[in-house]
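> my questions concern the predicted model and sequence given below.
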Amino acid sequence: MAQITLDKLAHSYLPNPKTDHDFALKELDYAWDDGGAYALLGPSGCGKTTLLNIISGLLVPSKGQILFDGKDVTNLQPEQRNIAQVFQFPVIYDTMTVRQNLEFPLKNRNVPNDEISKRVAEMIDILDLSDKADRKARGLTADEKQKISLGRGLVRYDVNAILFDEPLTVIDPHMKWQLRTKLKDLHRQLGHTMIYVTHDQTEALTFADKVVVMYEGDVVQIGTPEELFDEPKHTFVGYFIGSPGMNILPVEVSGNQAKLGSHTVTLKGAYPDLTGKIELGIRPEFLSLTNSESGIPAQINGVEDIGRFKIVRASIEGVELNVVLNEGESIPAEPKLIFESSRINIYQDDHLVRSLENGKGI
Amino acid sequence: MDKTYNNKAWLLVIPVFLLVALSAIIPIMTVVNYSVQDTFGGNKFFWVGTEWFTDVLRSERFHDALGRNLLFSFIILCIEIPLGILIALSMPKKGIWVPVCLVLMALPLLIPWNVVGTIWQIFGRADIGLLGHTMATLGIDYNYSSNVIDAWVTIIVMDVWHWTSLVVLLCYAGLVSIPEAYYQAARIDGASKWSVFRYIQLPKMQGVLIIAFLLRFMDSFMIYTEPFVLTGGGPGNSTTFMSIDLVKQAIGQFDLGPAAAMSLVYQLIVLLVCYVFFTVMSNVGTDKPEVEE
């Protein structure tokens, strides 16, 4: 187990990268704490798998260093780094039994035989595979196979980190939840550093203590699930996380007032003078519809009932936004929109700006 | 619910039925017909029962030819399968050399059988052939038309030259279809090169290897044209395979009865061996008949 430090790390698949755009992974400094559970979250092609492969050693970065416990491993091969990786599609050795699969990495490392059988027996128990231990691995279901590929990493007690590359992609929905719970359990039980790549926010938010959100090769925010929900540092994080995502509306800000078309919204505090593209971000959960005099008149374009709540598609002077209505709430005849001031974030050129009372903008 | 019967569907089946009947069923039944009858000419036949079959199965000539066929197939499978795997493993997986290698590999497969025979017949001649002349110059006594061993070596080398490519191409197709993640996982597990071959590449090639094995067995077991052109079955009867013997009997001596019985036995052997191979090889590595993913 180790702390993993990324030092000015960047990667390009091109031989001579020049502009920022040539980089699949833009320069990044970060330290992953020993024993933490992290998720790398972002849409396809955002560079998350690139970052994972650099950590595992399958890719050598074009720039920067990667350190395990302060030791430079940038040019070490995956087998020398002592990490484990679980891939998108379960990788198992077809002709071996479940037990032999788990023994394989230990045998390759010349672990004594009695030690191997002890650890493997323990791992089969942990993974609930006891009744299938001596069956050929090829006939098992996808989730069982994925457990085996995870197990091959876990039997090596001393792995520095376990990396997951969208491991639940081919798993049936009802098994996804079980396997995810199992992963969380294993993390608590064994305390390995775990890094989990996914494009599914539910997976990321339920698995990780800290979520790293990536967008076009950049890390846009690293934070706990609450931080990502309450204070997205980038408009991308705002609408990528949450279902539906944050409403991002073009506004003009002066002091503690935001002008949205011809209407005014009161903010939680005063802002400095801002230039550039200014936007107001508010989650659909913090908007409400009333019949009263106050509030901004809105037009209702549609309603989607998804069980526990309704999503109302509304617009204010042509600007579209979503409102979440809880079960039982109904849409008034002449709907007015109320913004919950304390939940409003202001963005300048897609980046979060804090109000003056909360300290200077970032 | 009442089932609707629509007999018009039969009309769609008739063309296929006619085609199969004309190309397979009728010829085979003709052979079966010949195999149980004898004639003294004048297109008059009479029933002899299983006499021809008993004769064929007891004939030393048939046993010898069968032995030669089995030996030949065994030798070329032992060479072509491992060699094919080895060449496929050493071929590049990407880059500009891939098409070059593939075309080079496919070339021998494009040459007609009788041309292959002719090429090697000339190649091995001591007076005008490159191989034969070189051997003679080196002082090696090489003559495929008088020495049994030389004849066999030449036919085997010819077959390896002609058909190893097929095994290579099949294995290569199997190899490139292995997802990259398997190799990455193996590296992370610290697997040696041999382990990667033994536990990833070989199992993933199992399907194509069965096909390669069956194709090469059937083809080599039925080999006719190349040895016929090269040695004509000689020296003596040393390269007279069953197919060559069959043609001698049927067309040379016009013994239709024994030839028909022999070709049926011949076909049954091919079917039987293929069935056994396929069953055994498909079950290698599976501990019980279970549904594949």
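Perfect, thanks for sending it. Numbers count the residues shown, from 1 in each chain, chains lettered A, B, ... in the order given.
> give me the nearest residue to A:Tyr30, chain neighbours excluded.
Excluding the flanking residues, the one nearest A:Tyr30 by C-beta to C-beta, 6 or more residues apart in numbering or on different chains is A:Leu6, at 4.9 Å. C-beta here means a position set from N, CA and C on the backbone, and glycine is covered the same way.
> so that neighbour is in which element?
strand A:4-11 (DSSP states H and E).
> specify the local secondary structure of A:Ser315.
strand (DSSP: H, G, I helix; E, B strand; the rest coil).
> one step back: how many neighbours does the residue nearest to A:Tyr30 have?
Applying the criterion other C-beta atoms under 10 Å in any protein chain shown, we find 22 residues in the vicinity of A:Leu6.
> give me the pLDDT value at it.
At A:Leu6, the model reports a pLDDT of 85.
> that one touches A:Asp72, doesn't it?
No. The pair A:Leu6 / A:Asp72 is not scored as a contact, 11.9 Å apart, by C-beta atoms under 8 Å.
> secondary structure element for B:Leu170?
Per DSSP H and E, the secondary structure element for B:Leu170 is helix B:148-176.
> now for the next helix or strand after that helix, which elements pack on it?
Sequence order places helix B:180-188 as the next helix or strand after helix B:148-176, per DSSP H and E. Contacts defined by 3 or more C-beta pairs under 8 Å, 6 or more residues apart in numbering or on different chains; DSSP states H and E place helix B:180-188 against helix A:78-81, strand A:84-86, helix A:142-154, helix B:193-196.
> quick one, helix B:180-188 and helix A:142-154 angle?
Here helix B:180-188 runs at an angle of 30 degrees relative to helix A:142-154 (axes from the mean of the first three to the mean of the last three C-alpha atoms, to 10 degrees).
> give me the phi and psi angles of the closest residue to B:Asp159 other than its chain neighbours.
Leaving aside its sequence neighbours, B:Asp159 sits nearest to B:Ile76 (C-beta to C-beta, 6+ apart; 5.1 Å). The phi/psi pair for B:Ile76 (degrees, to the nearest 10) reads phi -70, psi -30.
> B:Ile76 reaches B:Trp161, doesn't it?
No. Counting by C-beta under 8 Å, B:Ile76 stays clear of B:Trp161, with 10.8 Å between them.
> of those two, which one has the most company?
B:Ile76 (25 against 15).
> who's in contact with that one?
Residues in contact with B:Ile76 (C-beta atoms under 8 Å, 6 or more residues apart in numbering or on different chains) are B:156, B:159-160, B:163, B:216, B:220.
> ok, 7 Å please
For B:Ile76, the contact set (C-beta atoms under 7 Å, 6 or more residues apart in numbering or on different chains) comprises B:156, B:159-160, B:216, B:220.
> local confidence estimate at the residue located most distally from the centre of chain A?
Most distant residue from the mean C-alpha position of chain A: A:Glu293, 41.2 Å away (C-alpha atoms, centre = their mean). The score at A:Glu293 is 76. That number is its pLDDT.
> now do the SS call for the residue most central in space within chain B.
Centroid-nearest residue in chain B, with C-alpha atoms, centre = their mean: B:Asp219, separated by 1.7 Å. Under three-state DSSP, B:Asp219 falls in the helix class.
> next, count neighbours for the closest residue to it other than its chain neighbours.
For B:Asp219, ignoring the flanking residues on the chain, the nearest one in space by C-beta to C-beta, 6+ apart is B:Trp163 at 7.0 Å. Neighbour count for B:Trp163, taken as other C-beta under 10 Å: 22.
> near residue 209, how many other residues are there?
Just so you know, I chose chain A. Neighbours around A:Asp209, by other C-beta under 10 Å: 14.
> not what I meant, chain B
21.
> how much space between the closest residue to chain A within the stretch 1-150 of chain B and B:Glu180?
Closest approach between the stretch 1-150 of chain B and chain A, counting by C-beta to the nearest C-beta: B:Lys94, at 14.4 Å. Using C-beta to C-beta, to the nearest Å, one gets 11 Å for the distance from B:Lys94 to B:Glu180.
> which of those two has more residues huddled nearby?
For B:Lys94 versus B:Glu180, neighbours defined as other C-beta under 10 Å are more numerous around B:Glu180 (10 against 7).
> before we move on, the earlier item: does the residue nearest to B:Asp219 really touch B:Glu80, like I thought?
Yes. Here B:Trp163 reaches B:Glu80: they are 6.1 Å apart, a contact under C-beta atoms under 7 Å.
> with that, I have no additional questions.
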